[in-house]
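**Q** after the sequence you'll find the predicted model.
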Amino acid sequence: MSMELPGMMIELSGTSVRNKGAELMTAAICRRFLLHHPSIQFAVPQRFGTAKDRFKYGMWYKISTKRYALNRKITRSEKVAIQAVEMMLSRRLCTECGIVTDQGINAVLDASGFAFGDQLPLNRTLDFVEALKPLKRKKVPVVLLPQAFGPFSQPSHQDAMKQLIDMTDLIFARDDVSYGHLNRLSQHDERIQCCPDLTLAAEAPIAPVETQRPITLIPNSRMLDKLSPENSKLYQDCLAKIILHAKNKNLPLQLLLHDLHEDLQFIAPLQYLTGSDIKVVTDDDPIQLKAILASSSLVISSRFHALAGALSSGVPSISIGWSHKYDQIMSDFQQSEWSLSTTQAYEDIESVMDAMLEPVTNANISQCLKTQMIDIREQVGLMWQKVDQAIGLAG
């Protein structure tokens, strides 16, 4: 039996609508709580998106002067203005306007995806720690939902992450490598646990299946700024190879954009390199994007949550990534042989595509993925039970 407080307010941090992977996490979390704890309400800081974006999910605005909440530095005049608003607004007016302050938050759930480690800005961790301080003084529970972490080889990142760990009640690493990075910072800590990505259990509607299911290619701008210039060039050439190989085999191919802001930059160069128009697919609904992935014959992805969406839907997939999180999710589904480095992908992508599109192999891989999902759904369900207990919802 649930024991939620009337009007219990949870701050959802780390998500946004900027890319569809982050928004998919938002959608999956909101769906889960609507099903199991329908009276719970969510608030998000300004960094989440616009008022229209918040209204889409029925979420309140968490007003704050913290840099973490705003995702930028704040001027002195802005800070004074926001603080004045916080003091002057009555509780009734805040409720009518859908605004909440730290005083109205009962729990914090963070679903950053991958925000803490050497490859990410140090200020991201420090700003989050600073934003949590007033909440922890009120003993508000903080849970880091399944996400990737680390490595933490730099002393500054180690110290910052230790501060964050000290502020949490429960932390879920979504893979063994991330768990190892956290465990080295806080050994034998029972708060640190493992669970696969929560979006894997999110059900998507069944999309109409075309006569010939397409190959779906998902690029990622991080492959340009997280890799060396040489490997970034190899990656772009590899994308062109994929498109040309599908064209030569008369196989339908579509390019799906998980981040309209950053991944749109691939379209013009790829059209130039391949000398052909490319079918581009987008959708404002992240759940619908998962349905599109589910109707593919093969997915080739450099976006983690697109990869997760395909694998959890039983679609054979090739991973070309820039961090350990890609190798780890492929391992979770017993698909490590199809997790390729940039160099491997450039050299072997045509033969790998042919192997995975062979009908018997394709069907066997799909069945393997569906079998793995049985255990993954159970792990995600157990994770939610522990979250409920940590934030005072289980009784």
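**A** Sure thing, it's come through. Numbers count the residues shown, from 1 in each chain.
**Q** the residue nearest to R32 when sequence neighbours are not counted and I29, how far apart?
**A** Excluding the flanking residues, the one nearest R32 by CB to CB, 6 or more residues apart in numbering is W384, at 6.4 Å. Any C-beta I mention is one placed from the backbone N, CA and C, and that applies to glycine too. Noted for W384: a distance of 10 Å to I29, by CB to CB, to the nearest Å.
**Q** ok, back up a step: on the three-state scheme, the residue nearest to R32 is what?
**A** Following DSSP: H, G, I helix; E, B strand; the rest coil, W384 is assigned to helix.
**Q** count the residues that sit near it.
**A** Neighbour count of W384, defined by other CB atoms under 10 Å: 19.
**Q** what does D175 give?
**A** When neighbours are counted by other CB under 10 Å, D175 registers 24.
**Q** that one touches Q147, doesn't it?
**A** No: using CB atoms under 8 Å, D175 makes no contact with Q147, being 9.5 Å away.
**Q** common neighbours of W384 and I29, please.
**A** Shared contacts of W384 and I29, defined by CB atoms under 8 Å, 6 or more residues apart in numbering, comprise L198.
**Q** partner strands of the longest strand along the chain, parallel or antiparallel?
**A** As assigned by DSSP state E, the longest strand anywhere in the chain is strand 142-149. Sheet partners assigned to strand 142-149 using DSSP bridges are listed as strand 107-110 (parallel), strand 114-116 (parallel), strand 170-173 (parallel).
**Q** could those strands be laid out in a markdown table, adding mean neighbour count?
**A** Converted to a markdown table, the strands paired with strand 142-149 look like this (neighbours: other CB atoms under 10 Å):
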| stretch | mean neighbour count |
| --- | --- |
| strand 107-110 | 23 |
| strand 114-116 | 22 |
| strand 170-173 | 23 |
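**Q** a markdown table for the ones you listed, including distance to I242 and mean pLDDT?
**A** Converted to a markdown table, the strands paired with strand 142-149 look like this (distance: least, CB to CB, whole Å; pLDDT from 0 to 100):
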| stretch | distance to I242 | mean pLDDT |
| --- | --- | --- |
| strand 107-110 | 35 | 97 |
| strand 114-116 | 24 | 95 |
| strand 170-173 | 31 | 98 |
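**Q** how about those, which one is nearest A310?
**A** strand 114-116 (18.4 Å; CB to CB).
**Q** what is whichever helix or strand comes after that closest one packed up against?
**A** Under the assignment DSSP states H and E, the closest C-terminal helix or strand after strand 114-116 is helix 122-137. In terms of contacts (3 or more CB pairs under 8 Å, 6 or more residues apart in numbering; DSSP states H and E), helix 122-137 is packed against strand 9-13, helix 67-70, strand 107-110, strand 114-116, strand 142-149, helix 155-167.
**Q** count the neighbours of the residue nearest to L122 when sequence neighbours are not counted for me.
**A** Excluding its sequence neighbours, the residue lying closest to L122 (CB to CB, 6+ apart) is S156, at 5.6 Å. Applying other CB under 10 Å, we find 12 residues neighbouring S156.
**Q** thought S156 was touching T125?
**A** No: contact criterion CB under 8 Å: S156 and T125 do not qualify, at 9.3 Å.
**Q** the helices in the stretch 151-300 of the chain, which residues?
**A** 155-167, 176-185, 222-225, 229-248, 267-274, 286-294 (DSSP state H, counting those that start in this stretch).
**Q** winner for burial among these?
**A** helix 286-294 (a mean of 22; mean count of other CB atoms under 10 Å).
**Q** can you give the contact residues for it?
**A** 20-21, 23-24, 26-27, 202, 204-207, 216, 256, 258, 281, 283, 299, 305-306, 309-310, 313-315.
**Q** which residues of this structure score low on pLDDT?
**A** 1-6, 65, 68-74, 78-91, 93-94, 96, 207-210, 395 (pLDDT under 70).
**Q** tell me the domain boundaries of it?
**A** 9-202+376-390, 215-374 (automatic domain parsing).
**Q** quick revisit: quick one: the longest strand of the chain to chain centroid distance?
**A** 11 Å (CA atoms, centre = their mean, to the nearest Å).
**Q** how much space separates S323 from L340?
**A** S323 sits 14 Å away from L340, going by CB to CB.
**Q** no no, Q103
**A** Counting by CB to CB, the gap from Q103 to L340 is 50 Å.
**Q** in terms of neighbours, single out the busier of these two.
**A** Per other CB under 10 Å, whichever of Q103 and L340 has more neighbours is L340, with 22 against 11.
**Q** which residue is the nearest non-sequential neighbour of that one?
**A** Nearest one to L340, counting by CB to CB, 6+ apart, is I320 at 5.4 Å.
**Q** for that neighbour, what are phi and psi?
**A** phi -130, psi 100 (degrees, to the nearest 10).
**Q** so it makes contact with P219?
**A** No: in this structure, I320 is not within contact of P219 by CB under 8 Å, at 9.2 Å.
**Q** need the residues touching each of these two.
**A** S302.
**Q** now do the contacts for E23.
**A** Here E23 is in contact with 15-17, 286 (CB under 8 Å, 6+ apart).
**Q** from these, which two are the most distant?
**A** So, the contacts of E23 by CB to CB: farthest apart are S16 and P286, at 11.5 Å.
**Q** quick one, strands of the stretch 201-350 of the chain?
**A** 215-218, 253-256, 279-281, 298-301, 317-320, 339-340 (DSSP state E, counting those that start in this stretch).
**Q** buried set for stretch 117-131?
**A** When neighbours are counted by 16 or more other CB atoms under 10 Å, the buried residues of stretch 117-131 are found to be 117, 120, 122, 124-129, 131.
**Q** and of those residues, the nearest to R184?
**A** After measuring the buried residues of stretch 117-131 against R184 - CB to CB - the closest member comes out as G117, at 12.3 Å.
**Q** pretty sure that closest one contacts S153?
**A** No: the pair G117 / S153 is not scored as a contact, 9.1 Å apart, by CB under 8 Å.
**Q** what do these two both touch?
**A** By CB under 8 Å, 6+ apart, no residue touches both G117 and S153.
**Q** can you get me a residue count around the closest residue to E130 other than its chain neighbours?
**A** Distances taken as CB to CB, 6+ apart place K66 nearest to E130, at 6.2 Å, with adjacent residues excluded. Using other CB under 10 Å, the number of residues around K66 comes to 20.
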